[in-house]
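>>> Next one to model:
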Amino acid sequence: MTVQDIRSFNRFYTNVIGALDYGRHVYTPYTLTEARVLYELAHAPRTDAADLRAQLHLDAGYLSRILNKFEHDGLVERAPSERDPRRRRVTLTAAGRSAADLLEERARETVGSLLATVASADRPRLAEAMRTVRTLLGDGRAPGPEDVVLRGPGPGDLGWIVQRNAALYTAEYGWNADYEGLVARIVADFAQDHDPRLERVWIAELDGRPVGSVMCVRDDAPATARLRLLLVEPDTRGLGIGNRLVGEVVGFARAVGYRELVLWTNDILSAARHLYRRHGFTLVAEEPHHSFGHDLVGQDWRLRLR
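Numbers count the residues shown, from 1 in each chain. Sure thing, here's the model as predicted:
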C-alpha cells in the first residue's frame, strides 16, 4: 500500500458521504464540522468547551467561532462550568436539541439509503472491513469513551433490549423467564404507543454493535417521567456508558418539562444504584418482594427536576 492508495480512498469516501457539501447532502444549513459539534452536544448534556475541543481535535479559535454562531442562532447556552469556573459549560437549548434531532434523522436516512445499495449478503463483509480499518489505523488501542455513540433505536434494537436484559440478568443474577416477560411488556408498550416528544429510547453503540440502552417513559403521576431498563454490556463497563445513558434521560426529562423523574430497581444492583445517586436521585422507599425466582428488596428512587 502507498500513500496514494490512502489518498485515493479518502477522495472516494468523502464523495460517498458528501463531506465536501455536507449541508446540501443532508439538507441542513450546517457544515460537516458544525453538524459534528451539534451531535456531540446532543449526546452529552453537560459539556465543557475545552473537553469538546479535545474530543474533536479542533482549533480553539475555530470551535469558538462555531459556538458563537450557535449562540447567536439560539442553539446553545454558555455558562461557567460547575466543575471549574475557569471553563465554559455549553448546553443545547430546546431549539438546539430540535436542530440536532432533525440532523440525526436526516443523517440516518442518508446512511440508510447508502446501506440499501449494499446486498444483505455483503453487509457483514462491509462491517468487518470497517472494523479492520478502525483497528489498524487506531493503532490497536482499546476502545475509549469517545468511541461510544448514543443514538435512537433502529430496526431490531427493541428486540435486542428484551433479549439482552433476559440473558444478562439470568447470567449475573439467576433471574427466571418472569423478568424477560416483564421487559417484553415494557418494550411492547413503548413500541405500540409512545409520544416521541415526551418518551425516548437510547442505544449505546460501539464498533457497530449495541452495548447499552435505557428508556424514558411517562409515569402515571402527573408531570413525572420514569427511567427504565438501564443496561450496559459487561465487556464495555468502565467506559462511562451507564453514566452517559442516565445523564441523557435526566437531561431529556428536564428539557421537555417533566417535574420529577422516578425509577424502580432492586438493592442487589449496586452499580446502578451508585449511578442514580451520582445523578441526584434519592431513595424514597424499599419493600421486600419475591420476583423472578428470588427474594429481593425493591427500591423506589426519585429525582426532582424543578
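
>>> Setting aside sequence neighbours, what's the nearest residue to residue 28?
Excluding the flanking residues, the one nearest residue 28 by C-beta to C-beta, 6 or more residues apart in numbering is residue 103, at 5.6 Å. The way it works is simple: take the backbone N, C-alpha and C, and place the C-beta from them, glycine included.

>>> next one: residue 280
Nearest one to residue 280, counting by C-beta to C-beta, 6+ apart, is residue 303 at 5.2 Å.

>>> and the residue nearest to residue 28, how many neighbours does it have?
Neighbour count of residue 103, defined by other C-beta atoms under 10 Å: 21.

>>> can you tell me the helix or strand for it?
Per DSSP states H and E, residue 103 falls inside helix 94-116.

>>> In CSV, list the C-alpha atoms belonging to that helix.
Extracted C-alpha coordinates of helix 94-116, given in CSV (Å, rounded to 0.1, in the frame of the first residue of the first chain):
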residue,chain,number,x,y,z
ALA,A,94,-34.7,23.5,23.2
ALA,A,95,-34.1,24.9,19.7
GLY,A,96,-30.6,23.4,19.6
ARG,A,97,-31.9,19.9,20.6
SER,A,98,-34.6,20.1,17.9
ALA,A,99,-31.9,21.0,15.3
ALA,A,100,-29.7,18.1,16.5
ASP,A,101,-32.7,15.7,16.3
LEU,A,102,-33.5,16.8,12.8
LEU,A,103,-29.9,16.5,11.8
GLU,A,104,-29.7,13.0,13.3
GLU,A,105,-32.9,11.9,11.5
ARG,A,106,-31.6,13.1,8.1
ALA,A,107,-28.2,11.6,8.6
ARG,A,108,-29.7,8.3,9.4
GLU,A,109,-31.9,8.5,6.3
THR,A,110,-28.9,9.3,4.2
VAL,A,111,-26.8,6.5,5.6
GLY,A,112,-29.8,4.1,5.4
SER,A,113,-30.2,4.9,1.7
LEU,A,114,-26.5,4.2,1.2
LEU,A,115,-26.7,0.9,3.0
ALA,A,116,-29.7,-0.1,1.0
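
>>> Name the residues that touch the helix or strand that comes right after that helix?
Tracing the chain past helix 94-116, the next element assigned as helix or strand by DSSP H and E is helix 123-137. Under the contact criterion C-beta atoms under 8 Å, 6 or more residues apart in numbering, helix 123-137 has outside partners 115, 118, 207-208.

>>> And for stretch 233-249?
So stretch 233-249 is contacted by 43-46, 143-145, 147-148, 150, 164, 168, 172, 202, 204, 206, 211-216, 225, 227, 230, 232, 261, 271-272, 275-276, 278-279 (C-beta under 8 Å, 6+ apart).

>>> Just flag the most distant two among the contacts of helix 123-137.
118 and 207 (18.1 Å; C-beta to C-beta).

>>> And those two? Which one has more around it.
Here residue 118 and residue 207 are compared on neighbour count by other C-beta under 10 Å; more neighbours surround residue 207, at 15 against 12.

>>> got the contact list for the more buried one?
The contact partners of residue 207, taken as C-beta under 8 Å, 6+ apart, are 131, 134, 143, 147.

>>> for those, which one is nearest residue 293?
residue 143 (34.2 Å).
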